[in-house]
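[1] I need the structure of the sequence given here:
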Amino acid sequence: MTTQRTPWFGRVLWELIRRQPIRYAFALFLWIAIWTMPILVGLIIARFFDLLVDGIEVDQLAWIIAATFAYALGRSVFIFLGMRNHGSLLFRAGALMRRNLLERVYELPGAAGLDEAPGEVVSRFRDDVEHVVEPFDISVDIFGAGIAGVISFVILWNIDPVITLVVSIPVVVVGVVANRTGAVVRRYRSDARDATEAITGFLGETFAAAQSVKVAGAEPHMLERFKTLNDVRRTMMVKDRTLTAVLEATFRNTVNIGTGLILLLAAGRLGATGSAGISIGQFALFVYLIAQVTDSAYFYGMFIARAKQGSVSAERLTRTLSGEPWDRILSPSPLYLETDGRTPIVPLGDPEPFTGLSVRGITYRYPSSGFGVSDVDLEVGPGEFVVVTGKIGSGKTTLLRSVLGLLPADSGSVAWNGVVLDDPSIAMTPPLVAYTPQVPRLFSMSLRNNLDLGADLSSTQLNESIHIATMTRDLETMPEGLETLIGPRGVRLSGGQVQRSASARMFAREAQLLVLDDVSSALDIETERTLWSRLFDARSGVAALVVSHRHTALARADRVVVMDAGRVVAVGKAVDLERTSEMFRAIWEGALGTNGDATRGVSG
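    Okay, the predicted model is just below:
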């Protein structure tokens with residue numbers, strides 16, 4: 001898998017700006033105004049002190065007070081508008097990246113997707129996106145502080161060029177330090193992010209396998225591993241945070257030391273006569289505007305540091321795209337921020353009648369082992385019940401995933417209604433195809449939400465699907481019916497209930513072709529027989545492609561496909577195969593282990 005290199009981070013920031021040009025331009029205007037408006041206060045202060053020396057009159061004092069209040073009111077309005085607009089700007093930037101990342105994750109083939117553990121990916125969604133947004137956030141301050149600094153520099157130059165030149169020394173020092181430390185900042189941030197990702201990935205895998213850990217008595221070893229990872233993370237995070245704090249302190253203290261020296265120089269000329277002297281008002285203006293000039297240097301240094309850290313996160317997010325160009329993370333996409341809380345579901349319309357699924361020469365080999373399926377042909381006609389069977393590791397699950405596009409086939413074609421599909425993973429979805437995997441996944445929410453998954457399903461659809469999946473009696477025993485919370489991955493349900501819940505979710509899609517991977521393995525014989533009977537009685541004309549070794553399914557099948565070592569070795573009805581196929585006869589008689597395919601990376 002090729003990883004696209006992230007460009008200079010300035011390109012990333014430019015793309016973020018391009019996605020919201022009007023909102024960013026408005027933010028830029030507001031924050032430039034917020035940064036430059038204090039210059040007005042400095043001019044008012046200078047005028048006030050000069051008037052105090054010369055003798056201030058009541059109307060002049062009233063004018064100064066009115067101007068101060070007008071400034072305070074105006075700046076409050078600008079700050080309010082700036083914060084409101086800026087919050088939306090940053091939220092949309094982060095949401096866009098997360099939305100595009102999630103879309104890419106869903107695009108990837110199911111068994112050949114991300115290399116990282118789920119916890120590691122969550123860390124990227126959460127932290128790395130924020131670290132890319134941080135320099136984007138500071139960018140408006142760079143413009144605002146920079147313009148305010150230039151204006152202040154010009155005003156101070158007109159008061160005293162020599163002292164003003166001294167003001168530039170802290171600016172130069174901050175710039176040099178920021179650029180010289182860039183490589184160290186990147187390295188420390190990269191190490192800290194890698195350490196955080198390692199520990200979140202470990203926690204995610206540990207929670208997912210909590211029962212296995214307990215059964216194996218491995219709690220002490222897991223805790224020791226957790227402690228080791230945490231120690232590494234603490235060390236890396238302390239280095240990263242310490243470096244960031246040292247840089248901030250360096251930038252700020254350099255500015256403060258420079259400011260102190262400048263004030264000493266300016267105080268020496270206070271009250272002096274001639275061109276070398278400055279008035280009380282000018283001195284006050286100097287003191288006030290020095291902060292404007294030096295703050296621009298401080299924010300420049302912080303922006304450089306944040307940009308270096310952001311570039312690390314941008315590279316990590318690019319790796320999560322799994323071969324897509326880096327700018328895919330910033331591609332224009334709808335965010336649906338003003339809906340009723342549900343993502344709009346695009347109506348697909350009524351599909352054309354199903355006339356057949358045709359698979360020709362489908363081949364897929366797992367890169368890690370070389371096992372898989374080779375040159376498999378398969379046919380499923382309208383209303384047919386086709387069963388794929390074989391011993392453990394024969395490639396049954398791999399075949400189904402390759403046909404559905406969940407695995408990227410090395411060769412071969414999949415045709416729907418006689419049309420070859422360019423990307424089966426996009427086409428083979430409801431209302432054409434619905435799929436239940438060998439190990440179905442349920443979510444930590446109500447049973448109803450697990451069945452509809454955001455779709456607007458009627459009560460009739462849900463009730464019929466529950467009836468077909470033989471879950472009606474189970475539902476009656478649940479304290480809150482469909483609103484019962486089933487816990488993470490359906491932990492509050494039995495294995496059979498999980499299988500039937502996943503089947504009901506599939507039946508509710510009313511697809512033309514149902515694909516089930518050994519869904520009856522957790523069901524008793526009578527329940528399985530009832531499920532198939534109800535399905536074909538309620539959905540006349542529906543086709544099914546099923547992995548199974550159970551007598552009930554094999555005997556009912558219109559056609560049985562027998563697999564061995566990734567190839568089809570026999571096809572026919574069960575009654576015929578019992579006479580002609582030795583392997584099928586062994587499966588039928590239960591002589592071979594047929595509880596399911598091997599795990600990913602072996603051959604099943």
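
[2] going forward, measure contacts and count neighbours with C-alpha atoms only.
    Will do.

[3] Pull up the distance across stretch 121-137, start to finish.
    Chord length of stretch 121-137, first to last residue, is 23 Å (CA to CA, to the nearest Å).

[4] what mean pLDDT does that stretch have?
    Mean per-residue pLDDT for stretch 121-137: 86.

[5] need the contact list for residue 583.
    Applying CA atoms under 8 Å, 6 or more residues apart in numbering to residue 583 gives the contacts 390, 562.

[6] Following the chain past the helix or strand containing residue 358, name the next helix or strand.
    Element membership for residue 358, per DSSP states H and E: strand 357-365. Following strand 357-365 in sequence order, the next helix or strand is strand 372-380 (DSSP H and E).

[7] relative orientation of that next one and strand 357-365 in degrees?
    Relative orientation of strand 372-380 versus strand 357-365 (axes from the mean of the first three to the mean of the last three CA atoms, to 10 degrees): 180 degrees.

[8] could I have strand 372-380 exported to PDB, CA atoms only?
    Output in PDB follows, covering the C-alpha atoms of strand 372-380 (Å, rounded to 0.1, in the frame of the first residue of the first chain):
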ATOM      1  CA  GLY A 372      -7.500 -17.600  -0.300                       C
ATOM      2  CA  VAL A 373      -9.700 -18.600  -3.300                       C
ATOM      3  CA  SER A 374      -8.700 -19.300  -6.800                       C
ATOM      4  CA  ASP A 375     -10.600 -19.100 -10.100                       C
ATOM      5  CA  VAL A 376     -14.100 -19.600  -8.600                       C
ATOM      6  CA  ASP A 377     -17.200 -19.500 -10.700                       C
ATOM      7  CA  LEU A 378     -20.600 -19.100  -9.000                       C
ATOM      8  CA  GLU A 379     -24.200 -18.500 -10.100                       C
ATOM      9  CA  VAL A 380     -27.200 -17.400  -8.100                       C
END
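
[9] what element comes up after that strand heading to the C-terminus?
    strand 385-390.

[10] Can you show me the helices along the stretch 251-400 of the chain?
    Using DSSP state H, counting those that start in this stretch, the helices of the stretch 251-400 of the chain run over 280-320, 396-404.

[11] Pick the most deeply packed of those helices.
    Stretch with highest mean neighbour count among the helices of the stretch 251-400 of the chain: helix 396-404 (a mean of 27; mean count of other CA atoms under 10 Å).

[12] Tell me which residues are up against it.
    Against helix 396-404 from outside (CA under 8 Å, 6+ apart): 110, 359, 362-364, 372-373, 388-390, 407-409, 414, 424-425, 428, 438, 515, 517, 547, 563, 566, 597, 603-604.

[13] mind redoing it with 6 Å?
    407, 409, 424, 425, 428, 604 (CA atoms under 6 Å, 6 or more residues apart in numbering).

[14] Which one (most neighbours) among those?
    Scoring the contacts of helix 396-404 on neighbours with other CA atoms under 10 Å, the highest-scoring entry is residue 604 at 25 neighbours.

[15] Sheet partners, orientation included, of the strand holding residue 358?
    Its sheet considered, strand 357-365 pairs with strand 372-380 (antiparallel), strand 411-416 (antiparallel) by DSSP bridges.

[16] on that earlier part again, format the contacts of helix 396-404 as TSV; extra columns: pLDDT and secondary structure.
    Below are the contacts of helix 396-404 laid out as TSV (pLDDT from 0 to 100; DSSP: H, G, I helix; E, B strand; the rest coil):
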residue	pLDDT	secondary structure
407	84	coil
409	86	coil
424	86	helix
425	80	helix
428	84	coil
604	40	coil
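
[17] I'd like these laid out as JSON lines, including distance to residue 452.
    Formatted as JSON lines, those follow (distance: CA to CA, whole Å):
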{"residue": "407", "distance to residue 452": "25"}
{"residue": "409", "distance to residue 452": "30"}
{"residue": "424", "distance to residue 452": "23"}
{"residue": "425", "distance to residue 452": "21"}
{"residue": "428", "distance to residue 452": "18"}
{"residue": "604", "distance to residue 452": "29"}
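
[18] Spatially, which two of these are the most separated?
    For the contacts of helix 396-404, with distances taken as CA to CA, the pair at the greatest spread is 428 and 604 (20.5 Å).

[19] all helices of the stretch 51-200 of the chain, in order?
    Counting by DSSP H, counting those that start in this stretch, the stretch 51-200 of the chain has helices at residues 58-107, 118-123, 129-159, 161-180, 182-208.

[20] Comparing those helices by mean pLDDT, which bottoms out?
    Among the helices of the stretch 51-200 of the chain, helix 161-180 carries the lowest mean pLDDT (a mean of 71).

[21] Tell me the buried residues in stretch 563-581?
    By neighbour count on 16 or more other CA atoms under 10 Å, the buried set for stretch 563-581 is 563-568, 570-574, 577-578, 581.

[22] so of those, which ones are in strands?
    Counting by DSSP state E, the buried residues of stretch 563-581 place 563, 564, 567, 568, 570, 571, 572 in strands.

[23] quick check, nearest of the residues you listed to residue 187?
    Nearest to residue 187 among those is residue 567, at 49.5 Å by CA to CA.

[24] Bridging across strands, which residues link to the closest one?
    Going by DSSP bridges, residue 567 forms beta bridges with residue 564.

[25] got it, and the one 4 residues further on?
    Taking DSSP bridges, one obtains residue 561 as the residues bridged to residue 571.

[26] and the gap between residue 543 and residue 555?
    Distance from residue 543 to residue 555, by CA to CA: 16 Å.

[27] Compare the two (neighbour count), which wins?
    A count of neighbours by other CA under 10 Å puts residue 543 above the other of residue 543 and residue 555, at 24 against 15.

[28] wouldn't the more buried one be in contact with residue 386 here?
    No. Residue 543 lies out of contact with residue 386 (CA atoms under 6 Å); the separation is 8.1 Å.

[29] Just give me the neighbour total for residue 235.
    Neighbourhood size, residue 235 [other CA under 10 Å]: 13.

[30] Where does it sit: helix, strand or coil?
    helix (DSSP: H, G, I helix; E, B strand; the rest coil).

[31] distance of it from residue 192?
    With CA to CA as the criterion, residue 235 and residue 192 are 8 Å apart.

[32] again, but for residue 313
    For residue 313, the distance to residue 192 equals 11 Å [CA to CA].

[33] same thing with residue 199?
    Residue 199 sits 11 Å away from residue 192, going by CA to CA.

[34] try residue 405
    Plainly put, residue 405 is 37 Å away from residue 192 if you go by CA to CA.

[35] Skipping adjacent residues, who's closest to residue 436 in space?
    Once flanking residues are discounted, residue 436 sits nearest to residue 516: 5.0 Å by CA to CA, 6 or more residues apart in numbering.
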